[in-house]
Each structure stands twice: as structure tokens, then as C-alpha cells.
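Visitor: Have a look at this fold, sequence not included:
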């Protein structure tokens, strides 16, 4: 059987749409019409297949929202920082050991020394203590245990304190809603200890964040003004994002956090003093 006979037999017996119609149609106009129609339909098919394959590899993400009810929930961490990083009396006590008259006025002298002392390792002793800042504290109606406070030094705000950080002891749980079952504090900013010209505000920098998370009070949180009652209510929203290939998000638990700068600047070195 010749190749032309095989082709003719295929055209007449194939179940492919369009090809059989082209073979069976009579007249040049009908054949041209069915050829054009078949090629057009094939082009549309190829285009739709390309669109579907492209859509698949785009890894589009849909948003699903669910509301969960729990008997208890992890209470967040609360970071407190006095806007004034150092106490004026500590500076005065430190520099009143000389018997000679000061070359500069007292306030100018304190202002000049502030920047150098606040950057030194000894600056922690010039800042506020937990007893200076927190006069009274209750959680769920019980007095706060000092072990739930974690102290760290911030270069902008000095000594800061984190309640329920989760770094030293397990995080506290909240079982009921309402002010009586939350955290209540009476704070003292010791405004008479503020160093003049060190800042134009007075109060407490307060950051609410997740436990085991490093706070950045200079960029986050709110300013709590003195002489006022401040109430904060919270609603927990958890957002989970898909990683590769749906997005460029990475799981922070798998990230190397030993020295985050080293990945960008390989020659980075740092030291730690106790």
C-alpha cells in the first residue's frame, strides 16, 4: 500500500475532529474552510493548554481564614523602657568626687557626658532598675513573680525589662478575658531624674510582642504618658505563609541566627562582654 493510500485511509477513518471532515468534504471552498477552521481550533487548544500550564507553575495562593476557640492562650511578652535612659542623680553622684569648680555648667557637662557614658559597658548602672520602674504588678489577680522579668540593655532607652519573655521560664497562659485576668502595672517614670536636653518626651515605651522574640522599642510599640490610665486589649491573629515555590518566605526556625550580619558581610566580627 502506497503512502498516499495510507494517508487517505487515515483521513477517512480517524476520530480526530476536523481531519476527517476535510477528507470527506467535496469542493475546494469546503476543504479550505475546514482546513482553516481546524487550524484555528488547534491554535485555540494550544493557547489554552499554555495558559493552564503557566497558571499551574505560577503557584497561586488562596487565603483561608479559620477561627479557633481555645481554653487558654499564650500571654504575650511586654517590654517596658523608660524614655530617659539614665538617671541624673547617678551622673551627679559619679562626678561630684572632684573639689575643683566645673569648667562647664552642670547641665552642659551632663549632656556632653551622656553620649559617651550611654555607649559604654558601665552605662547599665546609670539606668533604672526594675524596682524603680514598676511599683506594683499583678497578673490574673496575683502578684507578679520577679523571675518573669528579663532585663536587657537598649542603646536608645537604656535598661529595659520584658515581662513573660519566655527566655528564663515558661510563658504564662491566659485563661480568661478581661482586665481582671490580665496584666496590671503601676509604673513610675521618675521624671525628676530626667536629664535635660536628652529628650523632649516623658513616659514609658511599651512593646507587646511574641515571647522569645527580640523587641525593638526604638521602632515598635507605643508611648505611655505619665499621669494617665492606659488600657490595651489584644486580639491574636496568626498568619501562616507558604514557602517555596509559592513565595520567597523562609521558616525562621530553620534560619541561622548565630550572626545574621555574617551572611551579608563575611568579614564581620563581634565581641561580647559580661
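Guide: Now that the structure is in, tell me what you want to look at. Fair warning: this is a prediction, and the values are worked out from it, not measured in the lab.

Visitor: And the average pLDDT for stretch 230-237 is what?
Guide: Regarding stretch 230-237, the rounded mean pLDDT is 88.

Visitor: Repeat that for stretch 163-175.
Guide: 91.

Visitor: And that stretch, end to end?
Guide: 18 Å (C-alpha to C-alpha, to the nearest Å).

Visitor: Need the residues that contact that stretch.
Guide: 71-80, 137, 139-140, 144, 147-150, 181-183, 211-212 (C-beta atoms under 8 Å, 6 or more residues apart in numbering). The way it works is simple: take the backbone N, C-alpha and C, and place the C-beta from them, glycine included.

Visitor: Which ChimeraX command selects the buried ones in the residues you listed?
Guide: Here is the ChimeraX selection string for the buried members of the contacts of stretch 163-175, based on 16 or more other C-beta atoms under 10 Å:
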select :74,75,76,77,78,79,80,137,139,140,144,148,149,150,182,183,211
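
Visitor: Restricted to strands, list the contacts of stretch 163-175.
Guide: The strands, defined by DSSP state E, take in 73, 74, 77, 78, 79, 80, 137, 139, 149, 150, 183 from the contacts of stretch 163-175.

Visitor: Can you name the residues bridging to the residue nearest to residue 80 when sequence neighbours are not counted?
Guide: The shortest distance from residue 80 to any non-neighbouring residue, by C-beta to C-beta, 6 or more residues apart in numbering, is to residue 161 (5.1 Å). Assessed by DSSP bridges, residue 161 has beta-bridge partners residue 80, residue 151.

Visitor: hang on, residue 161 packs against residue 146?
Guide: No - with contact defined as C-beta atoms under 8 Å, residue 161 does not reach residue 146; the gap is 10.1 Å.

Visitor: any shared contact partners between these two?
Guide: With C-beta under 8 Å, 6+ apart as the test, residue 161 and residue 146 both reach residue 130.

Visitor: More neighbours: those two, which one.
Guide: residue 161 (19 against 10; other C-beta atoms under 10 Å).

Visitor: Tell me how far that one lies from residue 130.
Guide: Per C-beta to C-beta, to the nearest Å, residue 161 is found 6 Å from residue 130.

Visitor: residues shared between the contacts of these two?
Guide: What both residue 161 and residue 130 touch, as defined by C-beta under 8 Å, 6+ apart, is the set 149, 151.

Visitor: Residue 144 is in contact with residue 130, isn't it?
Guide: No - using C-beta under 8 Å, residue 144 is not in contact with residue 130; the gap is 10.2 Å.

Visitor: List the contacts of the closest residue to residue 77 other than its chain neighbours.
Guide: Closest residue in space to residue 77, ignoring its immediate chain neighbours: residue 211 at 4.6 Å, by C-beta to C-beta, 6+ apart. By C-beta under 8 Å, 6+ apart, residue 211 lies in contact with 74, 76, 77, 164, 165, 166, 171.

Visitor: How much space separates the first one from residue 139?
Guide: As for residue 74, its distance to residue 139 is 13 Å (criterion: C-beta to C-beta).

Visitor: ok, now the fourth one?
Guide: In this structure, residue 164 and residue 139 are 8 Å apart, going by C-beta to C-beta.

Visitor: which neighbours do the two share?
Guide: Contacts common to residue 164 and residue 139, judged by C-beta under 8 Å, 6+ apart, are 75, 148, 172.

Visitor: what residues are up against the second one?
Guide: Taking C-beta under 8 Å, 6+ apart as the criterion, residue 148 is in contact with 139, 163, 164, 165, 168, 169, 172.
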